[in-house]
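Asker: With the input below, show me the fold.
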Amino acid sequence: MKAVAVAAELADALALVGRACGAGVLSMVRLDLGPGAFELCATDLSLTLSARGKAEVVEPGRVLLPSPRTLADALRSLGSDPLEIEAEGKSVRLCCGRWRSELSTVPVEEFPLLDLEVPARGPVPASAVGEALQRVTPAASSDPARPVLCGVLLESVEGGTRMVATDSYRLAVTEVDVPPPAERALVPARAMAEIARLCDRGDGMAWTWDGSKLVASAGPATVAVTGIAGEFPDYRRFLEVPEGGCRASVDGEALSRAVRRVALVSQSSRFGRVVRCEFAADRVVVEASGDDGHARESVPVDGDAEMTVAFNAQFVLDALAAVGPGMVDLVLVDADKPAVFCPGGPTTVVLMPVRLA
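Answerer: Sure thing, here's the model as predicted:
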């Protein structure tokens, strides 16, 4: 096989698909050369990423490339210069100007066959999907012992798609005005983060769910991922506004800046960096202490909340980023009950407080 491609384009494609590499032969990336194009594909058998680009193909073929991330760094430094690719036997030769590299490979038959030809439902606005995913994916769990909570729930609702994620300490729910890929699907948050990245690559995307697998395409890239089996928790009861709750309205950006600054001195613990928020009728005082000292900052608020609640600082920052800029409405009950950010809004976040001794 033999072809010529732009070095930087191949580098970008390698960097994209390399995030799906697994172990053993799955640590390699499959390169396909066809009429006028190259395609790269990587998988860990759960998540599959592929990317396409233009190439002058002299002799089509298929080969496995080792060390995709290292190779991507090398090719990126070559810029837009033409890269010659030639494979024969157990080696792949790459040439660009005075740069030469010869890579060892293994028989391509050792790499699994991957079927990405799933009819996609769409197109849908990529930017809307990407923004929605960025709002909810931080709330998903990263604990492999709780696989159901490591996913993002996609549900069909009137007017579009609802996305839900929770790690049991926080809950994020948002709705986006795009057709859903299915009535209901539970997809690993890791894959949804990759789909969010894809959404930056084009104006439109297409996605579909075949009952066990989600496939999404945007621009020259495709993501395929196996769904999560299991029952997602009943999240709806946590979205109800608590009875007897106190309300506070605060500038989200001002509160975010205060939390970020104050948390710098907070002592890291199993709860992360914790900040105390002391609400009064006209202000909230954000406070934290640690081995490096103590810090506090007040932010104006409107409302009737008068209590002190402690939160994981990063959870607060993620919640404020999710609900968007401007004024943020909070509903608080007491120091041990969940706090609701923007109840009834297009994006709602629920945070469990941290109990301090």
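Asker: Please give the three-state secondary structure assignment for the closest residue to residue 337 other than its chain neighbours.
Answerer: Distance criterion CB to CB, 6 or more residues apart in numbering; nearest residue to residue 337, sequence neighbours excluded, is residue 242 at 6.5 Å. Every residue, glycine included, has its C-beta placed from N, CA and C. Here residue 242 is recorded as coil under DSSP: H, G, I helix; E, B strand; the rest coil.
Asker: what about residue 215, distance to residue 15?
Answerer: 21 Å (CB to CB, to the nearest Å).
Asker: More neighbours: the two, which one.
Answerer: In this view residue 215 and residue 15 are compared by other CB atoms under 10 Å, and residue 215 has more residues nearby, 22 against 18.
Asker: Which parts of the stretch 201-350 of the chain are strands?
Answerer: 204-209, 213-218, 221-226, 246-251, 274-279, 283-290, 293-303, 307-312, 327-332, 339-341, 347-351 (DSSP state E, counting those that start in this stretch).
Asker: With distance to residue 138 and mean pLDDT added, can I get these in a markdown table?
Answerer: Listed next are the strands of the stretch 201-350 of the chain as a markdown table, based on distance: least, CB to CB, whole Å; pLDDT from 0 to 100:
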| stretch | distance to residue 138 | mean pLDDT |
| --- | --- | --- |
| strand 204-209 | 21 | 88 |
| strand 213-218 | 19 | 90 |
| strand 221-226 | 18 | 92 |
| strand 246-251 | 20 | 94 |
| strand 274-279 | 17 | 95 |
| strand 283-290 | 20 | 94 |
| strand 293-303 | 22 | 95 |
| strand 307-312 | 12 | 95 |
| strand 327-332 | 16 | 94 |
| strand 339-341 | 13 | 94 |
| strand 347-351 | 10 | 96 |
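Asker: is it true that residue 252 touches residue 324?
Answerer: Yes: Residue 252 is in contact with residue 324 according to CB atoms under 8 Å; the separation is 7.3 Å.
Asker: These two - which one has more neighbours?
Answerer: Using other CB under 10 Å as the criterion, residue 252 and residue 324 rank with residue 252 on top: 22 against 16.
Asker: show me the contacts for residue 302.
Answerer: The neighbours of residue 302, taking CB atoms under 8 Å, 6 or more residues apart in numbering as the test, are 248, 249, 250, 282.
Asker: If we use 7 Å, what do you get?
Answerer: Taking CB atoms under 7 Å, 6 or more residues apart in numbering, we find residue 302 in contact with residue 249.
Asker: Return the helix or strand in this protein with minimum mean pLDDT.
Answerer: strand 121-125 (a mean of 76; mean pLDDT, DSSP states H and E).
Asker: helix or strand right after that one?
Answerer: Where DSSP states H and E defines the elements, the next helix or strand beyond strand 121-125 is helix 126-136.
Asker: which residues make contact with that next one from outside it?
Answerer: Against helix 126-136 from outside (CB under 7 Å, 6+ apart): 152, 163-165, 172, 174, 176-178, 192, 195-196, 199-200, 202-205, 218, 322, 347.
Asker: quick one: that helix to strand 347-351, angle?
Answerer: Taking axes from the mean of the first three to the mean of the last three CA atoms, to 10 degrees, one finds helix 126-136 and strand 347-351 inclined to each other by 10 degrees.
Asker: Parallel or antiparallel, list what pairs with the helix or strand that helix 126-136 is followed by.
Answerer: Downstream of helix 126-136, the first helix or strand assigned by DSSP H and E is strand 151-157. Pairing partners of strand 151-157, with direction, according to DSSP bridges: strand 160-166 (antiparallel), strand 184-188 (antiparallel).
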